[in-house]
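# sequence first, then the predicted structure:
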Amino acid sequence: MRKIFIVIERRADYSRFRPIIQKLKSDPFFEIHLVVTGICLIETHGKDVNYIRNDGFFINAEIPMFETNKKDTGAEMVRSMSRIMFALVDELEKAKPDIVLSGFDIGANFAVTVAAAHMNIPVAHIQGGEVTGSIDESLRHAMTKFAHIHFPATELSKQRLIRMGENMNHIFVVGCPSIDVLVNTPFIERTVVENYLKIDLSLPTLLMIQHPVTTEYLDSFDQIKKTVEAINESNVQCVVLLPNNDAGHVNIIEYIKANNLKWFPSLPTEIFINLYRNVDALIGNSSSGIHETPTLKIPAINIGSRQQGRERAENVIDVPNNKEKISEAIKKAIFDVDFREYVKTIENPYGNGNSAEQIVSVLKEIPLKGIIQKIFHD
């Protein structure tokens, strides 16, 4: 058997870990040690720990990461990261895992990656090698250098990992696991989703997911304000998922709630995916717009710098934080018939929904002896 240690901080990492955990759980070769932390434990952000538990996963530990009533700053993000790293060291000592499965560019996953590497525990990292804006890119590349096994989503990302000196024999291109969720989530009748959300999805509808940009957090409120103003002036129905708790989020959430938008802190996976299947376009700066909308064959309006440089399909409309440009993009995404027809023909560069199966297969077969000692490969 191999024991796999996984940490979940927010809905963004849970959506990608979920299909992997499902496959690990169904295979008696694996034991899972699951830790939930971050905004998954916070009521105002939807308390996703309840959804995780309802999905049938046993949670070994719930570790608070964020303290309430603290300043909404980058400094507090660092304190939270140090807090969870300290606690995860104890949890790793207790669990004694064979492999830590970390991912993406999220603080708690960064913390467990660094801790495990120092404790001589092999780390497998999902979706390294991608290029983006914000502090996320620095976290992601740093995790690559601490990790021993790599699961990039695309061939281009693999080549970046090789240029970073990683052993090409430990790099496996698997696609993005969130697409597994899109492909495999059961379909729900639209009326069920409408009744749950109390909206009419026969109307043109946007899904908005826009987070603060950590490196621009002093401007993040004005950035979201421009997006909301453009949506309101477009007279297009919009469903908003509240942003994560990166620096600058407090005023943003208050503003969204005060603007007569249909908002939710989080949603059950089945409802969210079936909402996603019924909207006309996504708007914001979430990686979901880059990774997932090509599979759904809908446009994505990508605003600002948060996803700059990331590989993307031609359904993505890139715009600056400018109300007029955002308004133009909404018109194109919703009402340009030729563009919408073209979007239906594109392929997703991030895979076709079999990432979890590939990841679990590697975790099962890869030899671990001698993998800890890393050297730079020219």
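All right, it came through fine.

# and residue 192, what helix or strand is that in?
helix 190-197 (DSSP states H and E).

# list the buried ones in that helix?
193, 196, 197 (16 or more other C-beta atoms under 10 Å). Every C-beta, even on glycine, is put in place using the N, C-alpha and C of the backbone.

# what sits closest to the first one if chain neighbours are left out?
Here the nearest residue to residue 193 in space, its sequence neighbours aside, is residue 274; by C-beta to C-beta, 6 or more residues apart in numbering that works out to 4.9 Å.

# how about the strands in the chain?
Ranges of strands in the chain, per DSSP state E, are 2-8, 30-37, 61-63, 99-103, 123-126, 149-151, 205-209, 237-241, 262-264, 281-284, 300-303, 316-319.

# what is the distance between the helix or strand of the chain with the lowest mean pLDDT and the centre of its chain?
Each helix and strand of the chain was given a mean pLDDT (mean pLDDT, DSSP states H and E); the minimum falls on helix 249-257 at a mean of 88. Its chain's C-alpha centre and that of helix 249-257 lie 20 Å apart, by C-alpha atoms, centre = their mean, to the nearest Å.

# what packs against it?
helix 220-234 (3 or more C-beta pairs under 8 Å, 6 or more residues apart in numbering; DSSP states H and E).

# so what touches the helix it packs on?
206, 208, 210, 212-213, 216, 238, 243, 247-249, 251-252, 255-256, 259, 261, 283-284, 303-304, 321-324, 326-327, 330-331, 334 (C-beta atoms under 8 Å, 6 or more residues apart in numbering).

# give me the buried subset of those residues.
The neighbour count (16+ other C-beta under 10 Å) marks 206, 208, 210, 212-213, 216, 238, 243, 247-249, 252, 256, 259, 261, 283-284, 303-304, 321, 326-327, 330, 334 as buried among those.

# where do the helices of the stretch 1-150 of the chain begin and end?
Secondary structure of the stretch 1-150 of the chain, counting by DSSP state H, counting those that start in this stretch: helices at 11-26, 49-54, 74-95, 107-118, 136-146.

# switch the ones you listed over to a markdown table; also include mean neighbour count and mean pLDDT.
Shown next, in a markdown table, are the helices of the stretch 1-150 of the chain (neighbours: other C-beta atoms under 10 Å; pLDDT from 0 to 100):
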| stretch | mean neighbour count | mean pLDDT |
| --- | --- | --- |
| helix 11-26 | 22 | 95 |
| helix 49-54 | 17 | 96 |
| helix 74-95 | 17 | 95 |
| helix 107-118 | 24 | 98 |
| helix 136-146 | 19 | 96 |
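
# looking at the ones you listed, which is closest to residue 185?
Checking the helices of the stretch 1-150 of the chain against residue 185 by C-beta to C-beta gives helix 11-26 as the closest, at 9.6 Å.

# that closest one to strand 99-103, inter-axis angle?
Relative orientation of helix 11-26 and strand 99-103, computed by axes from the mean of the first three to the mean of the last three C-alpha atoms, to 10 degrees: 150 degrees.

# using PDB, list the CA coordinates for stretch 88-108.
Extracted in PDB, the C-alpha atoms of stretch 88-108 (Å, rounded to 0.1, in the frame of the first residue of the first chain):
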ATOM      1  CA  LEU A  88       1.300  20.400   8.800                       C
ATOM      2  CA  VAL A  89       4.700  19.400  10.000                       C
ATOM      3  CA  ASP A  90       3.000  17.800  13.000                       C
ATOM      4  CA  GLU A  91       0.400  16.200  10.800                       C
ATOM      5  CA  LEU A  92       3.000  14.800   8.400                       C
ATOM      6  CA  GLU A  93       5.000  13.300  11.400                       C
ATOM      7  CA  LYS A  94       1.800  11.600  12.600                       C
ATOM      8  CA  ALA A  95       0.600  10.400   9.200                       C
ATOM      9  CA  LYS A  96       4.000   9.100   7.800                       C
ATOM     10  CA  PRO A  97       2.800   9.200   4.200                       C
ATOM     11  CA  ASP A  98       4.600   7.600   1.300                       C
ATOM     12  CA  ILE A  99       3.800  10.500  -1.000                       C
ATOM     13  CA  VAL A 100       2.500  14.000  -0.600                       C
ATOM     14  CA  LEU A 101       0.300  15.000  -3.600                       C
ATOM     15  CA  SER A 102       0.300  18.800  -3.800                       C
ATOM     16  CA  GLY A 103      -0.900  21.000  -6.500                       C
ATOM     17  CA  PHE A 104      -1.200  24.300  -8.400                       C
ATOM     18  CA  ASP A 105      -0.200  27.600  -6.700                       C
ATOM     19  CA  ILE A 106      -2.200  27.700  -3.500                       C
ATOM     20  CA  GLY A 107      -0.700  28.700  -0.100                       C
ATOM     21  CA  ALA A 108      -1.400  25.500   1.900                       C
END
